[in-house]
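Engineer: Mind looking at a prediction? Sequence and model below.
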2 protein chains.
Amino acid sequence: MVIVGGGFAGLHAAKALAELPVDVTVVDRSNHHTFQPLLYQVALAVLSPANIAQPIRSILRKHANTQVLMDEGVGIDVAARRVRLRSGAVLEYDYLALATGATHSYFGNDAWAPLAPGLKTIEDAIEIRRRVLLAFELAERQVVERGWHPPLNFVVVGAGPTGVELAGAISDIAQLYMRHDFRHIDPTKSRVLLLDGGPRVLAAYPPDLSAKAEAALARLGVEVYTNTQVTGIGPGWVEAGGKRIDAAVTLWAAGVQASPLGKLLGAPLDRRGCVIVDEWLNPPGLPEVFVLGDLAHLEQDSRQVPGVAQPAMQMGDHVAKMVAADLAHRPRPAFRFFDKGDMATIGRMDAVANVKWPFKGRLSGFPAWMTWLVVHIFFLIGFRSRASVFASWIWTYFTFTRGARLITGDQSLPGWQEHVDSGPAAGSTKAAD
Amino acid sequence: MVIVGGGFAGLHAAKALAELPVDVTVVDRSNHHTFQPLLYQVALAVLSPANIAQPIRSILRKHANTQVLMDEGVGIDVAARRVRLRSGAVLEYDYLALATGATHSYFGNDAWAPLAPGLKTIEDAIEIRRRVLLAFELAERQVVERGWHPPLNFVVVGAGPTGVELAGAISDIAQLYMRHDFRHIDPTKSRVLLLDGGPRVLAAYPPDLSAKAEAALARLGVEVYTNTQVTGIGPGWVEAGGKRIDAAVTLWAAGVQASPLGKLLGAPLDRRGCVIVDEWLNPPGLPEVFVLGDLAHLEQDSRQVPGVAQPAMQMGDHVAKMVAADLAHRPRPAFRFFDKGDMATIGRMDAVANVKWPFKGRLSGFPAWMTWLVVHIFFLIGFRSRASVFASWIWTYFTFTRGARLITGDQSLPGWQEHVDSGPAAGSTKAAD
């Protein structure tokens, strides 16, 4: 059994297969499994990368039937049942599980990528942290040098869960956590703009929860612009709704596309590149190939199963059940996504939750946030992560300090220097005193 | 008062000046103060960067007379009493404290820098972590691809405290922490080589402690080569003692040179670029300029005060006393370094300590390690760092897992692929089975 991808789907498959008489090889291009739902907290300096990322080989250390390779699948020969890796190694398989997930999609505008990073990996989170924290530092020193600074606008494109969580967390850090740290700028006067082409935030949630989320964002001072299509992104600006908006930092949370590995199967794809699978998670005619997680396009009750953590974990677990059925010469059980609901945080101590199990209900405000907190602590891998994340949260929420406010890497922001050189414009901020 | 550099010396000066009627500006090119004595634990994945680095402006948040700028001093006009920063800002000063420390010196061989990184910053530590962890991952996948892998030799150049601590920590991670994580390679068969041009390790310590350190290194399997001059470093190899040694990873702990800022004063320098100062920490003829920490060359009892944390902190504190004396029209007190001793760890639960205060004595083994641990926890800034570092140590030393085994960034090592392409040579390791 070869599993390509060590995210939620791949890791759950590997763990569930540990008890079966199969040899398992897990291939991932990074050495760690990332708990993606908390990546935005790394990006906004609440958590350290190591709090939410563990080496895949440590997680699977005790599974004697499992080996882990840090490598990348680059070729699949479905006839010969072989996967070729970037290093040149070739792995033969009886079963293949493809779980390489999704990446950002800039809808064909690949030039936007360096200007507006998205949030999928630990490296992405560190880069976003660098940009957001650096903007405040540059503004402070710009006032010392010139008496003014370019506007501290943070523009988040896309108002799904990631966009909403990022916008809320940026507002938090500016309004609450850095207000006493600067002498020349007032971080509370920075603006957070959340843009979305659709009519409401959190489009996948019931409309009343979207409305609650918008109200919560408004309380945090986040400016939400729905029905606003982004038509251009440049160094230091975003063009949306026919207007150019200054942006010290632009973040991308608008679109995802499937990992390119899906294409290599030669099976039908949807328009985002996801592999269309049946209820046994197989592409047509390939019963030995399972496609899992964000890479799979599965219809259930005429709706597509969403590309989030829950179905990915369940699909991973289900693969082991199907392999066990094969080994026992029983028919494979069909997969059915059991939806426990969705939730998204909105800044400090606020959230919305559309709970479907163990009870049905819609939560918002502090109760939703507490629910979110308990659920996310529970799903973190390993006692150490749980303890350290819990401790970081207690510390962060009670002391109003953030533990991981590190800027690493270079010290430039796209467009900042050009803005400074062209002199103060409308929207530039004078020195506080 | 302008303080350039937010290390131990600069930060202690800023804190000590908080009670005086002076305006303080602290300039540092990074946004964080780094607790350098524990950097090697970040490099070897025991601690996360945020455990030992705090934003300078958070540390000084409550000092109303202090501002912090993330910027870099690039010019000093001692006549006009002005410091020019990289951003273009110009700061005027009544007093200037220069505390920009030291950086690696490759003794004129600057081409060695990318091949053999040193350890001075958080970025350095992350890069060393990447290289060391990546070597094991590359070896594992190389065996799958080719049935053998290049030798896993880790070469540390320089056997001062940093070199000894790095070598011990690499041995630890290979021998103890990763032994059950791989299926094709045996991490315990990797080699750690510690090279030094001088006759003994820890040359600044009494000879009997050097001997104890060498014995402790030998117990860990570290191969110590003293009187061994490094004459060349290339991708994947080190040339020393007339022989070329394969090196999967080479680390540099051999030489330091002063930050280039010292030169700008126009004052006499020693051969490493340190500014020669008198017992008031002034260069000749510049009573309003203090040079602190590693950048200062101060002779006391005919010996140079060493470039480590203790004198840096004391010099920082002393600056405030001298400024207070000026304000009270009293003569400035002379600085005297009060040496409490030195210590260095050698892997897990072993260390050497040359204690001079509060008692005189030489410790080694577990008692020295416990002393080291208590002292380093005590000097960390902030309750949060102390608690999180303490928790990480407890976890690491009792469970034999390391919390921060993350590889971030690209996936190549200098010389590795060339070695693989040229085929197995003497010293290459066959597959374990």
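Structural biologist: Structure's in. What do you need?
Engineer: quick one, the longest helix along chain A and helix B:122-146 angle?
Structural biologist: The longest helix of chain A (DSSP state H) is helix A:122-146. Relative orientation of helix A:122-146 and helix B:122-146, computed by axes from the mean of the first three to the mean of the last three CA atoms, to 10 degrees: 160 degrees.
Engineer: Tell me the spacing between the residue nearest to A:P260 when sequence neighbours are not counted and chain B.
Structural biologist: Closest residue to A:P260 in three dimensions, ignoring its sequence neighbours and counting by CB to CB, 6 or more residues apart in numbering or on different chains: A:G273, at 7.2 Å. In short, each C-beta sits where N, CA and C put it, glycine included. Remark: distance between A:G273 and chain B (CB to the nearest CB, to the nearest Å) = 24 Å.
Engineer: What count of nearby residues applies to A:T399?
Structural biologist: Around A:T399 sit 12 other residues, with neighbours defined as other CB atoms under 10 Å in any protein chain shown.
Engineer: mind listing what it touches?
Structural biologist: Taking CB atoms under 8 Å, 6 or more residues apart in numbering or on different chains, we find A:T399 in contact with B:R384.
Engineer: Can you get me the start-to-end distance on stretch A:330-340?
Structural biologist: The straight-line separation of the ends of stretch A:330-340 (CA to CA, to the nearest Å) is 29 Å.
Engineer: Can you tell me the centre-most residue of chain A?
Structural biologist: If you average the C-alpha coordinates of chain A and look for the closest C-alpha using CA atoms, centre = their mean, you land on A:K120, 4.4 Å from that point.
Engineer: Check the gap between the closest residue to that residue other than its chain neighbours and B:C274 for me.
Structural biologist: Distances taken as CB to CB, 6+ apart put A:T103 closest to A:K120, at 6.0 Å, once the chain neighbours are dropped. Plainly put, A:T103 is 49 Å away from B:C274 if you go by CB to CB, to the nearest Å.
Engineer: Those two: which is more packed in?
Structural biologist: A count of neighbours by other CB under 10 Å puts B:C274 above the other of A:T103 and B:C274, at 24 against 17.
Engineer: Pull the contacting residues for the more buried one.
Structural biologist: By CB under 8 Å, 6+ apart, the residues touching B:C274 are B:102, B:258, B:262, B:294-297, B:307.
Engineer: List the contacts of stretch A:216-226.
Structural biologist: Counting by CB under 8 Å, 6+ apart, the neighbours of stretch A:216-226 from elsewhere in the structure are A:159, A:164, A:167-168, A:171-172, A:175, A:191-196, A:198-201, A:214, A:240-241, A:346-347, A:350, A:352, A:364-365.
Engineer: Now find how far off-centre it is within its chain.
Structural biologist: The chain centre lies 21 Å from the centre of stretch A:216-226; the measure is CA atoms, centre = their mean, to the nearest Å.
Engineer: One more: stretch A:102-111?
Structural biologist: Averaged C-alpha coordinates place stretch A:102-111 at 15 Å from its chain's average position (CA atoms, centre = their mean).
Engineer: try stretch A:316-325
Structural biologist: 27 Å.
Engineer: buried sites along that stretch?
Structural biologist: Residues of stretch A:316-325 classed as buried by neighbour count (16 or more other CB atoms under 10 Å in any protein chain shown): A:316-320, A:322-324.
Engineer: would TSV of those with secondary structure, pLDDT and distance to A:V42 be doable?
Structural biologist: Rendered in TSV, the data for the buried residues of stretch A:316-325 read as follows (DSSP: H, G, I helix; E, B strand; the rest coil; pLDDT from 0 to 100; distance: CB to CB, whole Å):
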residue	secondary structure	pLDDT	distance to A:V42
A:G316	helix	98	23
A:D317	helix	98	27
A:H318	helix	98	30
A:V319	helix	98	29
A:A320	helix	98	30
A:M322	helix	98	34
A:V323	helix	98	34
A:A324	helix	98	36
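Engineer: Near chain B, which residues of the stretch 151-300 of chain A are found?
Structural biologist: Of all the residues in the stretch 151-300 of chain A, those in contact range of chain B (CB under 8 Å from any CB of the partner chain) are A:180-184.
Engineer: Tell me the one among the residues you listed nearest to B:F359.
Structural biologist: Compare each of these with B:F359 using CB to CB and the shortest gap goes to A:D181, at 41.4 Å.
Engineer: circling back: I'd like the distance between the residue nearest to the centre of chain A and A:V192.
Structural biologist: Distance from A:K120 to A:V192, by CB to CB: 21 Å.
Engineer: cool, A:K321 as well?
Structural biologist: From A:K321 across to A:V192, the span is 45 Å (CB to CB).
Engineer: what do you get for A:V275?
Structural biologist: As it turns out, when the distance is counted by CB to CB, A:V275 lies 36 Å from A:V192.
Engineer: So the residue nearest to A:K120, which state does it fall into?
Structural biologist: Local secondary structure at A:T103 is given as strand here, using DSSP: H, G, I helix; E, B strand; the rest coil.
Engineer: ok, what's across the strand from it?
Structural biologist: Here A:T103 shows beta-bridge partners A:Q257, assigned using DSSP bridges.
Engineer: I'd guessed it sits against A:S259; true?
Structural biologist: Yes: A:T103 sits in contact with A:S259 when judged by CB atoms under 8 Å, with a separation of 6.3 Å.
Engineer: residues contacting A:L269?
Structural biologist: So A:L269 contacts A:258, A:262-263, A:275-276, A:297 (CB under 8 Å, 6+ apart).
Engineer: give me that answer again for 7 Å
Structural biologist: In this structure, A:L269 makes contact with A:262-263, A:275-276, judged by CB atoms under 7 Å, 6 or more residues apart in numbering or on different chains.
Engineer: what does stretch A:160-173 rub up against?
Structural biologist: A:40, A:43-45, A:119, A:132, A:154, A:156, A:192, A:194, A:201-202, A:213, A:217, A:220-222, A:251, A:253, A:344-348, A:402.
Engineer: same thing with stretch A:67-79?
Structural biologist: For stretch A:67-79, contacts defined as CB under 7 Å, 6+ apart pick out A:4, A:25-29, A:31, A:56-57, A:60, A:83-87, A:89, A:100, A:261, A:264-266, A:286, A:289, B:137, B:140-141, B:144, B:183.
Engineer: try it again with 8 Å
Structural biologist: Stretch A:67-79 is contacted from outside by A:4, A:6, A:23-31, A:56-57, A:60, A:82-87, A:89, A:96, A:98, A:100, A:261, A:264-266, A:286, A:289, B:137-138, B:140-141, B:144, B:183-184, B:407, B:411, using CB under 8 Å, 6+ apart.
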